[in-house]
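Asks: Return a 3D structure for these sequence lines:
(8 chains)
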Protein chains: 8
Amino acid sequence: MNSKELKKLLEDVKNGSVEVEQAYKEIKALPYEDLGFAKVDHHRTIRNGYPEVIYCEGKTSSQVVEIVKRLMQKNNNILATRASQEVYDAICQLTSDAEYHRDARIVVVKRKEIIITEKQIAVITAGTSDIPVAEEAAVTAEVLGNRVTRIYDVGVAGIHRLLSKMDIISEANVIIVVAGMEGALASVVGGLVDKPVIAVPTSVGYGASFGGLAALLTMLNSCASGIGVVNIDNGFGAGYLASNINKL
Amino acid sequence: MNSKELKKLLEDVKNGSVEVEQAYKEIKALPYEDLGFAKVDHHRTIRNGYPEVIYCEGKTSSQVVEIVKRLMQKNNNILATRASQEVYDAICQLTSDAEYHRDARIVVVKRKEIIITEKQIAVITAGTSDIPVAEEAAVTAEVLGNRVTRIYDVGVAGIHRLLSKMDIISEANVIIVVAGMEGALASVVGGLVDKPVIAVPTSVGYGASFGGLAALLTMLNSCASGIGVVNIDNGFGAGYLASNINKL
Amino acid sequence: MNSKELKKLLEDVKNGSVEVEQAYKEIKALPYEDLGFAKVDHHRTIRNGYPEVIYCEGKTSSQVVEIVKRLMQKNNNILATRASQEVYDAICQLTSDAEYHRDARIVVVKRKEIIITEKQIAVITAGTSDIPVAEEAAVTAEVLGNRVTRIYDVGVAGIHRLLSKMDIISEANVIIVVAGMEGALASVVGGLVDKPVIAVPTSVGYGASFGGLAALLTMLNSCASGIGVVNIDNGFGAGYLASNINKL
Amino acid sequence: MNSKELKKLLEDVKNGSVEVEQAYKEIKALPYEDLGFAKVDHHRTIRNGYPEVIYCEGKTSSQVVEIVKRLMQKNNNILATRASQEVYDAICQLTSDAEYHRDARIVVVKRKEIIITEKQIAVITAGTSDIPVAEEAAVTAEVLGNRVTRIYDVGVAGIHRLLSKMDIISEANVIIVVAGMEGALASVVGGLVDKPVIAVPTSVGYGASFGGLAALLTMLNSCASGIGVVNIDNGFGAGYLASNINKL
Amino acid sequence: MNSKELKKLLEDVKNGSVEVEQAYKEIKALPYEDLGFAKVDHHRTIRNGYPEVIYCEGKTSSQVVEIVKRLMQKNNNILATRASQEVYDAICQLTSDAEYHRDARIVVVKRKEIIITEKQIAVITAGTSDIPVAEEAAVTAEVLGNRVTRIYDVGVAGIHRLLSKMDIISEANVIIVVAGMEGALASVVGGLVDKPVIAVPTSVGYGASFGGLAALLTMLNSCASGIGVVNIDNGFGAGYLASNINKL
Amino acid sequence: MNSKELKKLLEDVKNGSVEVEQAYKEIKALPYEDLGFAKVDHHRTIRNGYPEVIYCEGKTSSQVVEIVKRLMQKNNNILATRASQEVYDAICQLTSDAEYHRDARIVVVKRKEIIITEKQIAVITAGTSDIPVAEEAAVTAEVLGNRVTRIYDVGVAGIHRLLSKMDIISEANVIIVVAGMEGALASVVGGLVDKPVIAVPTSVGYGASFGGLAALLTMLNSCASGIGVVNIDNGFGAGYLASNINKL
Amino acid sequence: MNSKELKKLLEDVKNGSVEVEQAYKEIKALPYEDLGFAKVDHHRTIRNGYPEVIYCEGKTSSQVVEIVKRLMQKNNNILATRASQEVYDAICQLTSDAEYHRDARIVVVKRKEIIITEKQIAVITAGTSDIPVAEEAAVTAEVLGNRVTRIYDVGVAGIHRLLSKMDIISEANVIIVVAGMEGALASVVGGLVDKPVIAVPTSVGYGASFGGLAALLTMLNSCASGIGVVNIDNGFGAGYLASNINKL
Amino acid sequence: MNSKELKKLLEDVKNGSVEVEQAYKEIKALPYEDLGFAKVDHHRTIRNGYPEVIYCEGKTSSQVVEIVKRLMQKNNNILATRASQEVYDAICQLTSDAEYHRDARIVVVKRKEIIITEKQIAVITAGTSDIPVAEEAAVTAEVLGNRVTRIYDVGVAGIHRLLSKMDIISEANVIIVVAGMEGALASVVGGLVDKPVIAVPTSVGYGASFGGLAALLTMLNSCASGIGVVNIDNGFGAGYLASNINKL
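Replies: Next up is the predicted model:
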């Protein structure tokens, strides 16, 4: 209920076409349903052509299918993250619009055309093992309507590989850096650009990487300024944040 | 050395006005000094009217003064973070342009006019104890040329306080959330807006807050998407990143 | 042995109907068996119609069956937590009174009617993945004789979902909040009610959730007062504590 | 604004005594200010004779005095926790109603008579060093209107000391257990009573107590059911929760 | 080479029956092989009828069999810890003297009679899930020649169960306490006896037990004196230490 | 009340010289006061010439003096650990029997002759910085009536220093190993002797020693068997446990 | 492009045989590809007969085969670490030059003769379970052209075993110490030699070894000087560093 | 006692000039004192012109002076690390040969000429706050006789600063990298050189740097090979290890 509708309701009370009791009930229910909050239900129904998002981890294939079925009624695009092949197969039985991004473990059910931004998001990885997380970020950003450039395997142990890509990276509006092990790539990139950098630590590594903790701490303590960090392996979150920035 | 200058040098070699040996030396030194990297020296000389930044923690007053003296020759604005009263007093003996933001623990030496953006950055805190970190973020963003709105003491234990400010918050382009203790404010704000959110955990708290670790983990694990996290108490980093985003 | 019985025994010694040696033996054994401690054996024989409780994790089906067989002789209700389908099947071969709460992973063997309180316990979850832990709490509370209201999937990333349920929540006498990831729901609920809140962190999440540690720390550091926390995933403990409170 | 007032407003719109525009404004502001949430502003204005609470840690004496001055206008009792002698002295210059509970580090400014419950809260400590935290809990509970029984220095290393107090403890409605070092007291008490137990780990100890972490983990992992845990050294939180339970 | 032999060697040099070069070589090799260290090779050849010990974890069955074969030549008893059924079966093909203690996961190959001490070691557990670790301790102690009393499932949540066994426990010379979850049993037992107590934390538990860390910290911080702690689940180490103490 | 006295009481009831009511009261009070528990109150009144123990940390001088005054009435020896010079001076004003062991930070008030065992306890340190903790252990053991041998500064970085002392060490009945930094000494000593070894990690070190955690983990994971570990810096606990073992 | 080539290019510009535009392009691309950095691409193309290295963990067999195929074109030796039997089998289908070091989990494809140093690297382990990590170090060092001596199972619990090997160890130029559990071997070896020691903690152990953390901390805190530590289980890194040192 | 002396002793026994008993005693004492171990007493008496080392932390000035006095009798150079101004002043009263390296917190008492190697050790820091630790490493290496090059403040946030120094760095034989915060410098340097790299994490930083833990983990997980890590802030250890490598 927007301002206009609320005033209309009050007018109706005034002129007697709506009973006080009826108006009371509508107003009582009001603040939580329709007060024009910026984002009504971020997790399931994102406005403005944003896709509906399903986080599949810990859900059975049939649970996911059930959710997809319900969401398809809204005719929005659907983005299912952390989706296994099995989940994809199950969705395929529901609709032929589903597409599987295997590396990203994302299923996209495309129901509306996606309009792509001019401005680019660059997604950079330190190693090849970081690619699945990077793809989760990249595909998320693409489905959210962003142009994405991928620059993979440019870790700091061979700094020239990164430097030779700096011209491409510099053209991006937002930069996502995905790195496991010691995660130093974020600092080096952060020192070379003055665009917002989103750092995604990955659980790639062993021993004292402690499941991504080492990379996470590295990124949080970066001596370069202008870096925002998301959870370990959280490619979706990075892609989502990058999209929010890129679309400003 | 930009492309034009490099071509000019080669022309000079061609027409003999520069010796091969001389050109060789200039080119050899070139990649590290002047290849047009996006940000030549992020920590000390930031381009485009950006201030010079000094991190004062662990430096003596006389060391800071020495650095200020050197930087003043470039005629840029200077931003000294984590600056004590003593540091401020020492700088005052050098120049009358210094201004002390006591809560933020920032000294600004203003040498050039700062042009302020139309678009706003909102800085929100959960409690009053989080204000010093918030001020570090806010003053940093202001000195970097951003319009800043402060909304303090709207922690989630009294959710109505936050909700009553949502209209102001929604107008911002970027939102910085500063919170200690359990740090839940970032999730709630992240769920209410679709603008980029930068979360700053603070060391406010005791016992199992473990110096800000609890708030840090909360923010990294946020169920709301679109949140980038910086180091504990890193107001400067948040302000800097927010500025980078706001100026896109 | 209560006071009356002890006095009776002494009278019997006095009047010679019981030998000193016999009385000595009974008294010697007395303090640990029957001294009227409030709760004689909490883990296995809870008084006043409380069910017998079996924690099945780490026990084989046949071990559980053996315990059930022995407990059934007391004719109390039995509550078997962390019970797999296999454990349930094994118990079914023993008695037709067994009922399986699959989500809660609880088997109830009902031998006595359960009298239900007027006053309610509300069980709230942040997400759908938290439901199994919530069900463990809810079913435990129900078997202990409490009326339970379930309000699931009202996490703080969509605060309006929670707010729209506040009237139902406010009617409860005790509130159990079950949340994984960053666990912020406990703080928000704690700030909205003045009833006792029991917070249950869950291991739902990944990366820096560290198996529920993030949610646990969030809940312990809550800026809202009046929150008691139980172990990660400990639905049973929350249901049990809530029941103890609700029955005061 | 409660239901009656809202209906009254609508009636006034209907009968023309209030303009639509005026009603619109009041309703717009309504959800956050007066929708009958159970607890409007938990941190500062607690209803029903509850005191106003000030957490003094990290505030200067003059800041505290300023807050006290403002709160005194509401004529409620005031509870200032983590208050140093210096804070107390400063408050004394403002009012002669202030009383200092030195062990508890609490200043109480009494403006209204406190009505005390019949039912008791027992506060138990393992050692003498745990007493300050216990006193914070006890005084908080008392100012909130509860009868409190103190049973100090009954740690499990001398189990008979605890057992000899079980009759007193059993009479309480809610039990607060305060213990540092290994914190085992909570489990033993939890196994002896069937009343709600609130466990407060303290930072008393050294070495591998890691500032109270050992006691905290002990209490969270208790083999006794029915125990809710609060933050390390959080006597106020325990007293507050106990009061919420005791007043049901 | 003992002192007598060394002097004999020198005499032989003196009287010429051994060449200087030959004596030099023997002496050069001497310090590491035969200088009368208290325990020559603790892990494999323990003196005085002590068994040879094999830690099977991380070894294949055939590797274990190979070691057993070699050790059998010394005609000592053999103790294989962390041994699976498969390891046992493999050893059985080598000798009919092997006996499998399934709970303890220990295979004993008995080649010499074990002389049992008069004095007893008591092994106590908090719960039934702690029994495998307790059995590892108990069987180890028995094979090392100690009389062992087992008192299982007397955790502190039902303190009367422990108290009713105190007379048996008090008769022991050394007491091993095995407990997971919060591990409080060690403190209570340590407060009731004045014999050496060896505490074994187990990995029994979930959530914030962090694989036995909670119990470990509890035991290290015990408010009772006279407790020595071994590694999590280290039943063998506890049995070995208890034996060393019991045999003094 | 021992068995004989209980039977006597029952005889008195039988023959009428004690009233039933009177007997009832005495028996009711019985389990906690006089059931012949091995150690009635370990912390304050240790039997058999054992000293009374006061842990001074966190107590004011006047609190300690108050306790000493009360304990002196029992005419036992008194052992005050973690005692500062100031505490010692305060005790001196009470009695001339007080003696200060400065390194050990222990004050002994000697009221009874201490009978010293024949058998020795060896106290070994890795470095000189570990000596205060070692002295706490040594003095505790001495006051408890044990002969103590000190072998200091024989850390494993110069293994020959340790080896040259092995003959002295081997003569001890119990060995206390005190080591900070990496704490490896415990493993080496444990491998050289077959006597009980008590390992005390100290907080000596910096950086990744994390306040003694490194040494603690080293000792818990020792590849040598027969080692019991106490809390970081817990010299008193080690001396107490060693005494319990040595006096068997 | 080396100095000579750069000068040649400039000469060509001077004499007109190369156009300015063409020279500009070559120079622009220059800094990242051929500026004579010490090590151009450490991970894949190591100069001077060094092998190409593939880290197989997290790669499928077919991915590894694809990389091997590509690398074989350079005719260098290839070292595939963390390689399973399956990976080896897959490589065998490509070339008959592949050799599998099963313990080390390394596949070597030998295309060029390896020249072996005179100076030796000693690889020492504490236990037999540490051998796989030690073999990874040893085989790496050998393929990099170093003479390697293996001294296994000389842990500190039987110090004489280590001491009897000291003459062999002393002859080495660099010493790699591989140890799990408490990792004390590094300190003892570091105290006995004055050669560089590289310490490799392993994840061998259980309970409070926390996946190798205990050994890692031990080695970092070693009281012996001259020890460099690598990641847990990082045999390859140790072998690589040792080779770099040995070849100086 | 070297081989020659041992043979001489045996000859003396043979020819009767030394008694058997006397020889027996000398040989008995022999293995620990003089068996030609590579390094007899590493901590105090290092051979070959190596200085004696005193670690001053935790020692009083007078204790340090006492040790210096004793060591001066050997006429070796002395290196006192972690030495305050006060310690230096105290040493100055003993000898005029003392020199204070204030940044490094090292006092050197020079009694013998130090011969300096041709080959260099490079000491690199990320920031200016890392310089004290770097100086500890550099001065240690110099006093041990190594030529040292210092390259300070070349952190990765301004990668061109590092790259412009690569020619100097490449000339070094061993490279010490000193970095706090996220410690990424070690990885970048390790990727650019093929010389041994010793990484020293420092405690410079705040928040999630956790006292140097972040930098430590970064360095241990480095994606560049050939890096050995020492304890946080352990400049001495790095200088010592570098010297051992440089002198091979």
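
Asks: Per-residue pLDDT of residue A:65, please?
Replies: The per-residue pLDDT reported for residue A:65 equals 91.

Asks: tell me the domain ranges of chain A?
Replies: As recorded under the TED database, the domains making up chain A are A:31-109, A:120-247.

Asks: How much space separates residue A:96 from residue B:197?
Replies: 37 Å (C-beta to C-beta, to the nearest Å). Quick note: C-beta positions are derived from backbone N, CA and C, even for glycine.

Asks: between the two, which one's more packed in?
Replies: residue B:197 (31 against 8; other C-beta atoms under 10 Å in any protein chain shown).

Asks: hang on, the more buried one packs against residue B:172?
Replies: No: using C-beta atoms under 8 Å, residue B:197 is not in contact with residue B:172; the gap is 10.0 Å.

Asks: so residue A:81 bridges to which residues?
Replies: Beta-bridge partners for residue A:81, by DSSP bridges, are residue A:55.

Asks: Show the pLDDT at it.
Replies: pLDDT at residue A:81 comes out at 95.

Asks: need the contact list for it.
Replies: A:53, A:54, A:55, A:56, A:105, A:106, A:136, A:140, A:236 (C-beta atoms under 8 Å, 6 or more residues apart in numbering or on different chains).

Asks: If we use 7 Å, what do you get?
Replies: A:53, A:55, A:56, A:105, A:106, A:136, A:236 (C-beta atoms under 7 Å, 6 or more residues apart in numbering or on different chains).

Asks: Inside strands: which ones of those?
Replies: Counted as lying in strands by DSSP state E, out of these, are A:53, A:55, A:106.

Asks: of all these, which comes closest to residue G:149?
Replies: Checking the ones in strands among the contacts of residue A:81 against residue G:149 with C-beta to C-beta, the nearest one is residue A:106 at 51.7 Å.

Asks: neighbours around the nearest residue to the closest one once chain neighbours are set aside, how many?
Replies: Of all residues not flanking residue A:106 in the chain, residue A:139 sits nearest, at 4.8 Å (C-beta to C-beta, 6 or more residues apart in numbering or on different chains). For residue A:139, the neighbour count with other C-beta under 10 Å is 25.

Asks: For the helix or strand harbouring residue A:139, which helices and strands make contact with it?
Replies: Using DSSP states H and E, residue A:139 maps to helix A:131-143. Counting contacts by 3 or more C-beta pairs under 7 Å, 6 or more residues apart in numbering or on different chains; DSSP states H and E, helix A:131-143 packs against strand A:78-81, strand A:106-109, strand A:120-125, strand A:147-151, strand A:174-179, helix A:235-246.

Asks: quick revisit: determine which two of the contacts of residue A:81 are furthest apart.
Replies: Taking C-beta to C-beta as the measure, the contacts of residue A:81 span a maximum distance of 13.5 Å, between A:53 and A:105.

Asks: State the distance from the nearest residue to residue A:189 once chain neighbours are set aside to residue B:225.
Replies: Closest residue to residue A:189 in three dimensions, ignoring its sequence neighbours and counting by C-beta to C-beta, 6+ apart: residue A:177, at 5.2 Å. Distance, residue A:177 to residue B:225, using C-beta to C-beta: 18 Å.

Asks: In terms of neighbours, single out the busier of those two.
Replies: residue A:177 (33 against 25).

Asks: pLDDT wise, what is the more buried one at?
Replies: Reported pLDDT for residue A:177: 98.

Asks: what about residue A:57, neighbour count?
Replies: Counted with other C-beta under 10 Å, residues neighbouring residue A:57 total 13.

Asks: Surely it and residue A:82 touch.
Replies: Yes: assessed by C-beta atoms under 7 Å, residue A:57 is found in contact with residue A:82 at 4.2 Å.

Asks: tell me the average confidence for the helix or strand harbouring residue A:167?
Replies: Assigned by DSSP H and E, residue A:167 falls within helix A:166-170. Averaging pLDDT along helix A:166-170 gives 85.

Asks: Kindly report the same for stretch A:184-202.
Replies: 93.

Asks: Please tell me which one of the ones in strands among the contacts of residue A:81 counts the most neighbours.
Replies: Using other C-beta under 10 Å as the neighbour criterion, residue A:106 leads the ones in strands among the contacts of residue A:81 with 26 neighbours.

Asks: Only the buried residues of stretch A:4-15, if you could.
Replies: A:6, A:7, A:9, A:10, A:12, A:13, A:14 (16 or more other C-beta atoms under 10 Å in any protein chain shown).

Asks: and chain A, which of its residues are near chain G?
Replies: Proximity of chain A to chain G, by C-beta under 7 Å from any C-beta of the partner chain, involves residues A:129, A:157, A:158, A:160, A:163, A:164, A:204, A:206, A:207, A:208.

Asks: Buried members of the residues you listed into ChimeraX, please.
Replies: The ChimeraX command for the buried members of the residues of chain A next to chain G (criterion: 16+ other C-beta under 10 Å) is given here:
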select /A:129,157,158,160,163,204,206,207,208
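
Asks: Show me the residues of chain A next to chain G that map onto helices.
Replies: A:160, A:163 (DSSP state H).

Asks: Tell me the one of the residues of chain A next to chain G nearest chain G?
Replies: Using C-beta to the nearest C-beta, residue A:207 comes nearest to chain G of the residues of chain A next to chain G, at 3.0 Å.

Asks: What residues does that closest one make contact with?
Replies: G:203, G:212, G:231, G:232, G:233, G:234.
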